[in-house]
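Quick one, what's the 3D model for this:
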Amino acid sequence: MDVIKVLENFKSLLIKEKSLLIKGVIDEETTNELSQLEKKKLDILSELSQLDVKALKQYSSLLREIEQLNKEIESLILNNLHFIESILKEIFPERETVYGSDGKNLGEVSIFNRKI
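Reported below is the predicted structural model:
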């Protein structure tokens with residue numbers, strides 16, 4: 001396996017994912033494309049997990065770029081989630097779902113479990 005090509009491919013997938021998230025998930029085609037990117041990324045990560053850590057140390061600069069891109073994508077995803085959440089709160093004010101900074105659903109607050 002040519003590690004540099006695999007890492008560059010992974011980086012290009014992250015750049016594409018970031019671009020799609022910035023444009024916004026506007027249709028089913030975008031959703032499908034993001035899903036395909038996720039599958040490809042998982043395949044690459046599976047490949048890379050077979051390597052010894054020492055084999056990756058020489059690519060530390062590229063790995064830092066990948067890490068930074070991944071953080072940016074995570075931030076975009078959380079921002080999109082919060083945007084969708086705010087829209088849902090406006091449409092359904094009696095239903096409120098709360099998400100943590102890690103993206104996990106912390107629970108729902110509804111009219112039935114609020115103090116009256």
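
ok, residue 13 - contacts?
37, 40-41, 44 (Cβ atoms under 8 Å, 6 or more residues apart in numbering). Just so you know, the C-beta spots here come from the backbone N, C-alpha and C atoms, and that holds for glycine as well.

Show me what counts as buried in the longest helix along the chain.
With secondary structure taken from DSSP state H, the chain has its longest helix at helix 60-91. Residues of helix 60-91 classed as buried: 62-63, 66, 69-70, 72-73, 76 (neighbour count, 16 or more other Cβ atoms under 10 Å).

Give me the buried subset of the contacts of residue 13.
Applying 16+ other Cβ under 10 Å to the contacts of residue 13 flags 41, 44 as buried.

The contacts of residue 13 in helices, which ones?
Per DSSP H, these map to helices at 37, 40-41, 44.

For the nearest residue to residue 1 once chain neighbours are set aside, pull up the helix or strand it's in.
Sequence neighbours aside, residue 47 is the residue nearest to residue 1 in space, at 6.5 Å (criterion: Cβ to Cβ, 6 or more residues apart in numbering). Using DSSP states H and E, residue 47 sits in helix 28-49.

Now do the buried residues in that helix.
Neighbour-count burial for helix 28-49, with 16+ other Cβ under 10 Å as criterion, is recorded at 34, 41, 44, 48.

quick one, what contacts residue 18?
Each residue near residue 18 by Cβ under 8 Å, 6+ apart is listed here: 69, 72-73, 76.

If you could redo that for residue 24, that was the one I meant.
By Cβ under 8 Å, 6+ apart, the contact set of residue 24 is 30, 80.

where does it fall, phi/psi-wise?
The phi and psi values for residue 24, taken as degrees, to the nearest 10, are phi 100, psi 150.

Pull out the buried positions in the helix or strand hosting residue 9.
Take DSSP H and E as the rule and residue 9 turns out to sit in helix 3-23. The neighbour-count check on helix 3-23 (16+ other Cβ under 10 Å) flags 6-7, 10-11, 13-14, 17-18, 20-21 as buried.
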